[in-house]
Each structure stands twice: as C-alpha cells, then as structure tokens.
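Asks: predicted structure and sequence below. I'll ask about it afterward.
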Amino acid sequence: MDSEIEFKEYLADLKAPWKTMSVDIETALTIINTPSQTTTDPAKLVFASISVEPNKTEFHFPAWHSEVERIFIDQYGLDNGKRIFKKTVMRLYQMSKGTAQPLH
C-alpha cells in the first residue's frame, strides 16, 4: 500500500509544473528538433523502442534522450538535473498524448 501511494506521489511530482519548465522544454525541443534527431511533432516523438527476439529483449532510448539528460545535469547538477530531465520527459510525453496544458 505504501509503495502505491509513493508511486502516485512520484508521478504527481513529475507531472507538476516547475519554475524553469518553459525554458527546459524549449531546450529539450531544440535538441530533439536538430536534423540528426527525431521529429518536430511531439505526437510522433519516440521515447523508447523495444526489440524482441527469442531469448532476447532489448530496450533502446533515442540519442536525444542522453543529450538532454547531460545538458540538464551540466546545468543543474546531478540530482536536480536528473529530476528536471525526468519532469521534462514526462511533460513531453503528456504533450505527445495531448494531455499537457499549453506552455504559453
């Protein structure tokens, strides 16, 4: 029971707006929208891919994922950078599903 409550609180924190949200989303989208990255349409944004073969399952993150995380860690420090990265990915996911409130 406690772990379920903790998980719900964790998700609520990830979904909650934060002070630098607008700038952080713009930073992530700038990286994602470079020609070598994914797409300009959040609805088509790839967050991860899975390949399944007999006796083998692989989980892959796109290149933008590591770059955005590194930028935030450099900017905010290890702990805060990872937290901002997770919040940003959650917000991008919500945007891709049409469930996020507009930034502006």
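Replies: Cool, got the structure.

Asks: excluding chain neighbours, what is closest to residue 15?
Replies: Distances taken as CB to CB, 6 or more residues apart in numbering put residue 90 closest to residue 15, at 5.9 Å, once the chain neighbours are dropped. Just so you know, the C-beta spots here come from the backbone N, C-alpha and C atoms, and that holds for glycine as well.

Asks: now the one you found: which helix or strand?
Replies: Using DSSP states H and E, residue 90 sits within helix 78-97.

Asks: which regions of this protein sit below the pLDDT cut-off?
Replies: Counting by pLDDT under 70, the chain shows low-confidence ranges at 1, 35-45, 101-104.

Asks: about what we covered before: roughly how far is the helix holding residue 90 from the heart of the chain?
Replies: The chain centroid and the centroid of helix 78-97 are separated by 4 Å, computed with CA atoms, centre = their mean, to the nearest Å.

Asks: cool, stretch 75-94 as well?
Replies: Offset of stretch 75-94 from its chain centre (CA atoms, centre = their mean): 7 Å.

Asks: same question for stretch 20-27.
Replies: Between the centre of stretch 20-27 and the centre of its host chain there is 12 Å, according to CA atoms, centre = their mean.

Asks: quick check: buried residues in it?
Replies: 24, 25, 27 (16 or more other CB atoms under 10 Å).

Asks: now name the helix or strand holding residue 51.
Replies: For residue 51, the host element (DSSP H and E) is strand 49-53.

Asks: which elements pack onto the helix or strand following that strand?
Replies: Following strand 49-53 in sequence order, the next helix or strand is strand 56-60 (DSSP H and E). Judged by 3 or more CB pairs under 8 Å, 6 or more residues apart in numbering; DSSP states H and E, the packing partners of strand 56-60 are strand 49-53.

Asks: so who does the residue positioned nearest the centre of the chain touch?
Replies: Centroid-nearest residue in the chain, with CA atoms, centre = their mean: residue 89, separated by 1.2 Å. Residue 89 makes contact with 28, 47, 65, 68, according to CB atoms under 8 Å, 6 or more residues apart in numbering.
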